[in-house]
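> how would this look folded up:
(one chain, ligands or ions: 1)
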Amino acid sequence: MAGQVATAQAERLAELIRESSSTVALTGAGISVPSGIPDFRSPGEGLWEKVDPMEVAHIDAFRRDPAKFWSFYRPRFAMLGDKEPNDAHRALAELERRGLLEAVITQNIDQLHRKAGSERVIEVHGSIRTSSCQWCGAQFAQEDVEGLFDAGGAARCSSCSGPVKPDVVLFGELLPSDAMAEAETLAAEADLMLCVGSSLEVYPVAGLPSVTLGRGGRIAVITKGPTPFDDDAAVRMDGDVVGDLDAVLAAVHGEVVP
Ligand code: ZN
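Here you go, the predicted structure:
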């Protein structure tokens with residue numbers, strides 16, 4: 001029974017995707033959980049279990065004590081760098097390849113959409129791909145940051161010795177304005193937004209579905225747990241993101257969904 005409902009929802013969403021002239025995806029931590037990256041908002045999860053993210057992942061914490069900040073972030077970055085995309089990431093990349101998806105707007109910093117083959121990825125919380133010197137602006141690739149650490153455990157710029165910070169948005173920082181502007185334009189032009197693995201509670205990103213809805217577009221919500229947009233969703237799926245997107249992709253292909 002549950003399978004039949006899921007199938008009907010997948011078929012319905014596939015139909016909306018085929019009819020839509022502009023579809024965008026908005027993804028959050030939930031799409032990377034099946035890749036082994038815990039969502040820090042889930043209590044008792046992994047690296048965030050013993051620390052308060054507002055303490056360690058705050059821009060003030062970085063400014064106060066870069067070495068302490070990096071003592072937390074260095075292993076986390078190494079962990080993220082080793083992770084692989086899952087079939088939910090791949091399904092979105094496949095939709096883009098088929099001309100059925102404009103872009104992925106993501107809150108995730110893990111680069112898994114890019115690794116899965118998505119071309120147009122708007123990383124509104126930045127990404128671990130680069131880190132930057134806070135004094136001179138020099139930018140360092142992820143694989144080069146490991147060579148920048150001083151004896152005290154802080155990453156230091158190779159030209160001016162300034163503190164080097166990952167190009168991810170920390171608590172207390174503004175979101176990158178270029179990325180947010182692009183995301184808002186995409187949301188306004190979309191007649192379908194696929195919201196995947198996000199509780200849609202963290203602003204300003206959580207305002208993007210409202211932009212699409214306000215312009216007469218539709219939204220689909222594919223995530224575990226409730227969201228503030230459940231009543232507005234043309235399609236609501238709350239199984240696991242991998243199974244749900246596989247079913248949608250199969251339905252888009254016109255295959256029989258088991
Ligand atoms: Zn520098």
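
> do you know how far S161 is from P34?
41 Å (Cβ to Cβ, to the nearest Å). C-beta here means a position set from N, CA and C on the backbone, and glycine is covered the same way.

> likewise L208?
From L208 to P34 the distance is 23 Å (Cβ to Cβ).

> quick one: which of the two has more around it?
L208 (26 against 17; other Cβ atoms under 10 Å).

> Name the nearest residue to that one, ignoring sequence neighbours.
Spatial nearest neighbour of L208, chain neighbours left out: A187 (4.3 Å); criterion: Cβ to Cβ, 6 or more residues apart in numbering.

> Then E184?
V211 (6.1 Å).

> ditto for P85
Distance criterion Cβ to Cβ, 6+ apart; nearest residue to P85, sequence neighbours excluded, is A116 at 3.7 Å.

> again, but for K68
In space, and not counting its chain neighbours, K68 is closest to A61: 7.1 Å by Cβ to Cβ, 6+ apart.

> quick one: contacts for the one you found?
A61 makes contact with E55, K68, F69, L170 under the criterion Cβ atoms under 8 Å, 6 or more residues apart in numbering.

> residues from the stretch 151-258 of the chain in reach of the ion?
The stretch 151-258 of the chain comes close to the ion at residues C157, C160, G162, as judged by Cβ under 5 Å from the ion.

> buried subset of the residues you listed?
Buried residues within those, counting neighbours by 16 or more other Cβ atoms under 10 Å: C157, G162.

> Output the residues of the stretch 151-258 of the chain next to the ion as a markdown table; include the columns distance to D232 and pLDDT.
Shown next, in a markdown table, are those (distance: Cβ to Cβ, whole Å; pLDDT from 0 to 100):
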| residue | distance to D232 | pLDDT |
| --- | --- | --- |
| C157 | 46 | 98 |
| C160 | 49 | 98 |
| G162 | 46 | 97 |
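
> Give me the subset of the residues of the stretch 151-258 of the chain next to the ion that lies in helices.
When DSSP state H is applied, these are split such that none fall in helices.

> how far away is Q111 from L80?
The gap separating Q111 from L80 is 8 Å, by Cβ to Cβ.

> residues shared between the contacts of those two?
Residues touching both Q111 and L80 (Cβ under 8 Å, 6+ apart) are I128.

> hey, where'd the strands end up in the stretch 51-200 of the chain?
Remark: strands assigned in the stretch 51-200 of the chain by DSSP state E, counting those that start in this stretch are 103-106, 121-123, 126-133, 139-141, 164-168, 192-196.

> tell me which strands and helices whichever helix or strand comes after the last one is in contact with?
Same thing as strand 192-196. Using DSSP states H and E, the next helix or strand after strand 192-196 towards the C-terminus is helix 208-214. Using 3 or more Cβ pairs under 8 Å, 6 or more residues apart in numbering; DSSP states H and E, the elements in contact with helix 208-214 are strand 23-27, helix 177-189, strand 192-196, strand 218-222.

> and those as TSV, adding mean pLDDT and mean neighbour count?
Shown next, in TSV, are these (pLDDT from 0 to 100; neighbours: other Cβ atoms under 10 Å):
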stretch	mean pLDDT	mean neighbour count
strand 23-27	98	27
helix 177-189	97	16
strand 192-196	98	26
strand 218-222	98	25
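
> Dump these to TSV, plus distance to E146.
Below are the helices and strands packed on helix 208-214 laid out as TSV (distance: least, Cβ to Cβ, whole Å):
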stretch	distance to E146
strand 23-27	28
helix 177-189	26
strand 192-196	32
strand 218-222	36
